[in-house]
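> Curious how this folds, go ahead:
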Amino acid sequence: TMFGVEVHGSNNNIIEVETNHETVTLKDKNGNVLIENDNDGNTTVKYVFLDGAFNFNDSGFSLGYHAAKKKDSGSDDLNIIEFYPRYAFKAINGWTPAIELGYKTEDEKEVIRIKPSLSGNIGSVGLYTQFVFEDNLDTSWQLYEFLVKPSYAVNDKFSFGSEFIYAQEKLDNGTGKDFDKYLIKPFANYTLNDKWSIWGAVEIVKLNYTDKTAASGTIRYEDHDKLEVKPMFGASYKLSNNLNVFGEVSYKWVDGDAKYVSVANPSNYINEEVKAKVPFFKVGVGYSW
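Residues are numbered from 1 along each chain as shown. The predicted model follows:
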């Protein structure tokens, strides 16, 4: 008897560049400007060396991987390595459950992830849903995220849909810090011909959190509220059956505000306004075997 496993997979090599043009304005409770800073030109470049997955025949098992380096003009370099094994169960009445485990290291930071998911169809509407739990092994940070993604295929060439995400981050570091994130991302995909395909989306994110921190020997509260709007457009060109090149561009507008309140003197507070414009692009080569 001979046993064998057929392995096939895919990989993308990507370069991502993001530049943050940000203005931060501090005002007192009467609206008088105290400080205004322009933080322009902070550029982050991410080099992705490995990004893809090995699939083991039709067993349902796959092994995802990601290796990259971030170079930030405002900080040190960051090395990223990720592994995420995944198993897709056999479909039940047209629905396919799956479970993915993940491990990520960013230099000295280690994060584990559990991601169950379910995909199927309700009539002509495709539906994908997943739950994500992440835990930082070095701190008390945790992430909980729930995603629902309905989509509709008009024909073999055109489809559209939207992602809906609610996420919550928790950091219990003795002071307390919780984040709530709401995301809506309508998208559309179109195949022009056997070589070209294009896609577009608009990502809208609402983020708010309250932070209680110790500052100058007293406790203060920070109430934050942020809105991000990011339209994006991408295209892919097939060079062969196993090779393609692709690119994506986006432009993000950020409008945020915060209030810093001292517990010792709550009638005296400072407002912070943050305005940012963040252009982004990525290019890459994808191949499969």
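> residue contacts, K29?
S267, N268, Y269, I270, N271 (Cβ atoms under 8 Å, 6 or more residues apart in numbering). Backbone N, C-alpha and C define where each C-beta goes, glycine included.
> Sort out which one of those residues lies nearest L26 for me.
I270 (5.7 Å; Cβ to Cβ).
> who's that closest one bridged to?
Here I270 sits in beta bridges with D28, Y260, going by DSSP bridges.
> next one: I14
Beta-bridge partners recorded for I14 (DSSP bridges): V48, G284.
> Ok, I92 next?
Note on I92: beta-bridge partners by DSSP bridges are W95.
> Count the residues that sit near it.
Neighbours of I92 under the rule other Cβ atoms under 10 Å: 10.
> Distance-wise, check it relative to H21.
As judged by Cβ to Cβ, to the nearest Å, I92 and H21 stand 50 Å apart.
> Assign the closest residue to V202 other than its chain neighbours to helix, strand or coil.
Excluding its sequence neighbours, the residue lying closest to V202 (Cβ to Cβ, 6 or more residues apart in numbering) is P231, at 4.8 Å. Here P231 is recorded as strand under DSSP: H, G, I helix; E, B strand; the rest coil.
> List the contacts of P231.
P231 neighbours (Cβ under 8 Å, 6+ apart): G200, A201, V202, E203, S250, Y251.
> same thing but 10 Å
G200, A201, V202, E203, I204, V249, S250, Y251, K252, W253 (Cβ atoms under 10 Å, 6 or more residues apart in numbering).
> And for W196?
Y190, A235, S236, Y237, K238 are the contacts of W196 under Cβ under 10 Å, 6+ apart.
> Secondary structure for those - can I get that in TSV?
Formatted as TSV, these follow (three-state DSSP):
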residue	secondary structure
Y190	strand
A235	strand
S236	strand
Y237	strand
K238	strand
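> Which member of those is positioned nearest Y182?
Y190 (27.6 Å).
> from memory the closest one sits against K157, does it?
Yes: contact status for Y190 versus K157: in contact at 6.1 Å, counting by Cβ atoms under 10 Å.
> Mind listing the shared neighbours of the two?
With Cβ under 10 Å, 6+ apart as the test, Y190 and K157 both reach S197.
> Give the buried residues for the helix or strand containing A167.
Element membership for A167 (DSSP states H and E) is strand 158-171. With burial defined by 16 or more other Cβ atoms under 10 Å, the residues of strand 158-171 counted as buried are S159, F160, G161, E163, I165, A167, E169, L171.
> Pretty sure the fourth one sits against F146.
No: counting by Cβ under 10 Å, no contact exists between E163 and F146, whose distance comes to 11.2 Å.
> between the two, what contacts are shared?
Residues touching both E163 and F146 by Cβ under 10 Å, 6+ apart: none at all.
> In contact with the nearest residue to V285 once chain neighbours are set aside, which residues are there?
Nearest non-adjacent residue to V285, counting by Cβ to Cβ, 6+ apart: N13, 5.0 Å away. Neighbouring residues of N13 by Cβ under 10 Å, 6+ apart: Y47, V48, F49, L50, D51, G52, V283, G284, V285, G286, Y287.
> Serialize these to JSON lines and add fields for pLDDT, neighbour count and distance to L78.
Shown next, in JSON lines, are those (pLDDT from 0 to 100; neighbours: other Cβ atoms under 10 Å; distance: Cβ to Cβ, whole Å):
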{"residue": "Y47", "pLDDT": "89", "neighbour count": "13", "distance to L78": "11"}
{"residue": "V48", "pLDDT": "89", "neighbour count": "20", "distance to L78": "13"}
{"residue": "F49", "pLDDT": "89", "neighbour count": "14", "distance to L78": "14"}
{"residue": "L50", "pLDDT": "87", "neighbour count": "13", "distance to L78": "16"}
{"residue": "D51", "pLDDT": "89", "neighbour count": "18", "distance to L78": "16"}
{"residue": "G52", "pLDDT": "89", "neighbour count": "19", "distance to L78": "21"}
{"residue": "V283", "pLDDT": "92", "neighbour count": "14", "distance to L78": "20"}
{"residue": "G284", "pLDDT": "92", "neighbour count": "18", "distance to L78": "19"}
{"residue": "V285", "pLDDT": "90", "neighbour count": "14", "distance to L78": "23"}
{"residue": "G286", "pLDDT": "89", "neighbour count": "19", "distance to L78": "24"}
{"residue": "Y287", "pLDDT": "86", "neighbour count": "16", "distance to L78": "26"}
